[in-house]
Each structure stands twice: as structure tokens, then as C-alpha cells.
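Asks: here is a sequence with its predicted model. Questions after.
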Amino acid sequence: MHHFKIKKLNSDNQYIIRFKGLNEGIHNIRFDVKRNFFTEFIEIEAKDGNLQVLITLNKKSDFLMLDIIIEGTLLVQCDRCLEYFDYPVKYKDSLLVKFSENMAGQSDEVIILHPNDSELDLKQYIYECISLSIPYRKVHSETKDGNSLCKKEMIEKIHEFEAENQGKKVPANWEKLKYFFETNN
């Protein structure tokens, strides 16, 4: 974790940066992402989490530059044994905020705000960053000697099922599907 003097915002102001009153220069801000975030964004493939969003905001007269680090853990479900486990997250990004009455030019890395705007709500942006940090396949890690940290009972059941079904005739439609996947990978 990074250690520097941080202005922590109240939960009322969570994920919103009010930049109008800030002096030009560097400002450090921290948001905590906890359970209430995950109950609001149920689309995230995480049941819970404990993350910190560390933002270094460089305010200039005509733009804002944000360097963003998201780190902590997400509680995700293992695709192999179905148990929940803490998945470590470390996500870095930069975001440029420009001021213009013309919204053209907005992208993933550039946000355009109206010159009269006084705050930046990062809730949706944080949601997208967290979503991008979750891998497609989520499984427990392995020990140094190569043993899975998955729930042993579930792994034993999987091996039993594989042993029971080994040598059984596969239905024709499944054979076609198997052939398709083997030839396309």
C-alpha cells in the first residue's frame, strides 16, 4: 500500500471529487470500496470486497490529471470448487479531465466536463476498473509445490465424476461439439 498524506472523503461524498475549491497543484484522495458498493453494482462478479482507490489529482487551470491506483481484495467464487476466496487486485490507470462545451473527444482515458461543472463523480469509472481487474477464469491459487487451494471435498467429487464417466460413450451431438472445440482452439 502507498503511504502518503491523504484526504479521506465522507461517505456522503463517496466517489465524488469536488475540484472547484481546490488550489492548483497536487492533491491526494482516497476512496474506500466496501460491501455497499457491491450491493449497488450486482453485475460485478464479486460478492464483496475491500479496496482502496488512491488518486493523485494534479489540478491545472484548464484540465485535471488523475493517476489512479485501485488495490485490495475482491471476494470471488472459484470456478473450480465454487468456494469464495479473496482475489488480490492491483489496477493502475490515468485519466485526463478536460473542460469544454463540446463533448466530442470523450473516451476511456479522457472525460470532458462542462466549464461550469464543479465535481467529478467517479463511481461508474471505479465500477468499470474493478470489472476489468477480474479475470475471466477465477480459481484458487496453488501452493509452492503445485497443490490447489480449492476445497478438497469438491476436487475429490470432480475426480470421482471424471473416473465414473471415463470410457462412457459420448452422445453424437456432444461429439460434434467436442470436435468443434478441438479444431477451433
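Replies: Alright, I've got the coordinates.

Asks: can I take it that I126 is in a strand?
Replies: No. Applying DSSP: H, G, I helix; E, B strand; the rest coil, one finds I126 to be helix, outside a strand.

Asks: hmm, who's touching stretch 135-152?
Replies: Residues outside stretch 135-152 that contact it (Cβ atoms under 8 Å, 6 or more residues apart in numbering) are E45, V76, Q77, C78, D79, R80, C81, L82, E83, F85, Y87, I155. Yep, even glycine has a C-beta here, placed from its N, CA and C like the rest.

Asks: confirm E153 sits in a strand?
Replies: No. Using three-state DSSP, the secondary structure at E153 is helix, not a strand.

Asks: got the residue ranges for the strands in this protein?
Replies: For the chain, the strands defined by DSSP state E cover 7-8, 16-18, 25-33, 48-59, 63-77, 84-99, 110-113, 119-121.

Asks: nearest to L132, out of those strands?
Replies: L132 sits nearest to strand 84-99 of all the strands of the chain, at 7.2 Å, using Cβ to Cβ.

Asks: pull out the buried residues from the closest one.
Replies: By 16 or more other Cβ atoms under 10 Å, the buried positions in strand 84-99 come out as F85, Y87, V89, Y91, L95, V97.

Asks: so which residue is dead centre in the chain?
Replies: I130 (1.5 Å; Cα atoms, centre = their mean).

Asks: let me see the contact set for the nearest residue to it once chain neighbours are set aside.
Replies: With sequence-adjacent residues excluded and distances taken as Cβ to Cβ, 6 or more residues apart in numbering, I130 is closest to I44, at 6.1 Å. Each residue near I44 by Cβ under 8 Å, 6+ apart is listed here: F38, Y127, I130, S131, I134.

Asks: so where is the chain shaky, pLDDT-wise?
Replies: By pLDDT under 70, the weakly predicted segments of the chain are 1-13, 105, 159, 162-165, 167-172, 174-185.
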